[in-house]
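Asker: Curious how this folds, go ahead:
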Amino acid sequence: MTAAVFIAGTDTGIGKTHAACTLLHALRAAGYSACGMKPVASGCFETPEGLRNDDALALQAASSTMPPYALINPIALRDPLSPHLAAAHAGVEIALAPLRAAFDQLSGTHQKVVVEGVGGWLVPLAPGLLAADIAKQWRLPVILVVGLRLGCLSHALLTARTIEADGCRLLGWIGNGIDPAMDALDENLATLRELLPAPCLGVLPHGLASVRAASRLVAAVTAMD
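Answerer: Have a look, this model is predicted:
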């Protein structure tokens, strides 16, 4: 039985890929066949094989197999903009159906699929379509990555509230130390643990994976079986 999870973030650039790759490596170490997926990515670069995205390449490299890039990242957009703008500039229409087809192929060959969102929870993909709709329509439980920096408390609480208001299951959250010089880090973590409506699955130090966080992430995902 394939279990999948959606990795959401409080903003862009706060460590969703770092958390997703940590989870993939831990799932593999636990004996699972696992792969990552980034359905939509902007800020891609040209290669002889076509547009590529650093986050999607990291997910591909962290997967148990080497799935075709087109399945890992079906919509690759050049401009480093909100996806709806990057898609408009490229003359591309983002729709869920081709993304779902790629997801289904990955699910058919892996026990676990880690789906990384783009930007924050409510980033627009197309008219009437938000990044959140991927998790909502595919009925994926969510792990929220909180970028630990000044302002993270409100961002985390607002995002968690919206995830639950959208009818999605929030499995838990992890902190990612994007600001190694953040003041009152421990106090901020204590506040997040007190106020967020889901358990802390661990804290990833700046630029490093955490074995403890990885094991708790694995426990959260495998509990869905």
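
Asker: Am I right that Leu23 is in a helix?
Answerer: Yes: counting by DSSP: H, G, I helix; E, B strand; the rest coil, Leu23 falls inside a helix.

Asker: So Thr17 sits against Asp55, correct?
Answerer: Yes: between Thr17 and Asp55 there is a contact under C-beta atoms under 8 Å: 4.3 Å. In short, each C-beta sits where N, CA and C put it, glycine included.

Asker: shared neighbours of these two, which are they?
Answerer: 38, 116 (C-beta atoms under 8 Å, 6 or more residues apart in numbering).

Asker: With Gly15 as the reference, measure out to Ser64.
Answerer: To Gly15, Ser64 is 22 Å away according to C-beta to C-beta, to the nearest Å.

Asker: between these two, which one's more packed in?
Answerer: Between Ser64 and Gly15, counted using other C-beta atoms under 10 Å, the more crowded position is Gly15 (25 against 17).

Asker: my read: that one touches Val145, true?
Answerer: Yes: using C-beta under 8 Å, Gly15 makes contact with Val145 at a distance of 5.5 Å.

Asker: Between these two, which contacts overlap?
Answerer: 9, 176.

Asker: for this protein, what helix or strand is lowest in average pLDDT?
Answerer: helix 211-222 (a mean of 62; mean pLDDT, DSSP states H and E).

Asker: Could you pull out the strands in this structure for me?
Answerer: 3-9, 34-37, 40-41, 45-47, 50-52, 75-76, 112-116, 124-126, 129-130, 142-147, 170-176, 200-204 (DSSP state E).

Asker: and these, which one is worst for confidence?
Answerer: Ranked by mean pLDDT, the strands of the chain bottom out at strand 200-204, with a mean of 87.

Asker: before we move on, the earlier item: TSV please, covering the strands of the chain and showing mean neighbour count and distance to Ala88.
Answerer: Listed next are these as TSV, based on neighbours: other C-beta atoms under 10 Å; distance: least, C-beta to C-beta, whole Å:
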stretch	mean neighbour count	distance to Ala88
strand 3-9	26	23
strand 34-37	28	23
strand 40-41	26	13
strand 45-47	10	19
strand 50-52	15	16
strand 75-76	24	13
strand 112-116	27	22
strand 124-126	20	9
strand 129-130	18	13
strand 142-147	26	27
strand 170-176	24	30
strand 200-204	21	34
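
Asker: so which of those gets nearest Ser154?
Answerer: strand 142-147 (11.0 Å; C-beta to C-beta).
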